[in-house]
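K.L.:
got a predicted model here, sequence first, then my questions.
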Amino acid sequence: LVKNDLGYRNLLKILAHIYKKNGSLECPQVPLNVLENHSDGLIALTGGPNGPIGYLITKNQLDNAKNLANQLKSIFKDNLYFEIMRHGLKDETITEPIFLKLAYDLEVPLVATNEAYFPRREMYEAHDALICIEEKSFISQRDRNRKTPEHYFKNIKEMEDLFKDLPEAIENTIVI
């Protein structure tokens, strides 16, 4: 996330690096040294269960996850936040306790986030059907891209209720 004009310029440099290296922005990967050189003015979120730390946790590479968290903390200092998501997914259940431990151990603040793919819960089935159309799959298929009914745009009250056990994660959305 961009904090200021310098952050915007640094984000553009990071995006340019990704595009030059990969030829597209489809699967962006940024080496840590590039982040190190262009982190000023940026706020970094860890990416939840699908981010690099979450990925390492789900692969049971806890030491590597901790090392990466330390590196990101070193790069972004007070501008790093552990991203906590609650859509009812298995990977969220696996990663959250470890995210909490790492965040508290490294003194990195938490932030509550919500991936929203549709505006209201009632639109889940329509969105699911659209995913199937896009990917030429069927709703009955088990092994396909799918979201949950919880991937809707939640209001403030819903987010506060969802994270009532972690009020600081909600408060940090305001800080950011």
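P.N.:
That came through, no problem.
K.L.:
how about low-confidence regions in the chain?
P.N.:
23-26 (pLDDT under 70).
K.L.:
which residues of this protein fall in strands?
P.N.:
44-45, 80-85, 110-113 (DSSP state E).
K.L.:
what's next to the second one, contact-wise?
P.N.:
Strand 80-85 has contacts (CB atoms under 8 Å, 6 or more residues apart in numbering) with 43-49, 51, 72-73, 92, 96, 99-100, 102-103, 108-115, 163, 166, 169, 172, 176. For glycine as for every other residue, the C-beta is placed from the backbone atoms N, C-alpha and C.
K.L.:
going through these, which ones are buried?
P.N.:
For the contacts of strand 80-85, a burial check counting by 16 or more other CB atoms under 10 Å picks out 43-46, 48-49, 51, 72-73, 92, 96, 99, 102-103, 108-114, 163, 166, 169, 172.
K.L.:
quick one: the residue nearest the centre of the chain from Met85, how far?
P.N.:
Among the residues of the chain, the one closest to the centroid is Gly47, at 2.3 Å (CA atoms, centre = their mean). Plainly put, Gly47 is 9 Å away from Met85 if you go by CB to CB, to the nearest Å.
K.L.:
could you do Ile139 as well?
P.N.:
Taken as CB to CB, the span from Ile139 to Met85 is 24 Å.
K.L.:
compare those two (neighbour count), which wins?
P.N.:
Met85 (25 against 11; other CB atoms under 10 Å).
K.L.:
state the distance from the closest residue to Glu115 other than its chain neighbours to Tyr117.
P.N.:
The shortest distance from Glu115 to any non-neighbouring residue, by CB to CB, 6 or more residues apart in numbering, is to His151 (5.6 Å). Distance of His151 to Tyr117, given as CB to CB: 5 Å.
K.L.:
please apply the same query to Ile14.
P.N.:
Look at Ile14 and Tyr117: by CB to CB, they are 25 Å apart.
K.L.:
ok, Glu36 next?
P.N.:
In terms of CB to CB, Glu36 sits 33 Å off from Tyr117.
K.L.:
if anything else comes up later, I'll come back, but that's it for now.
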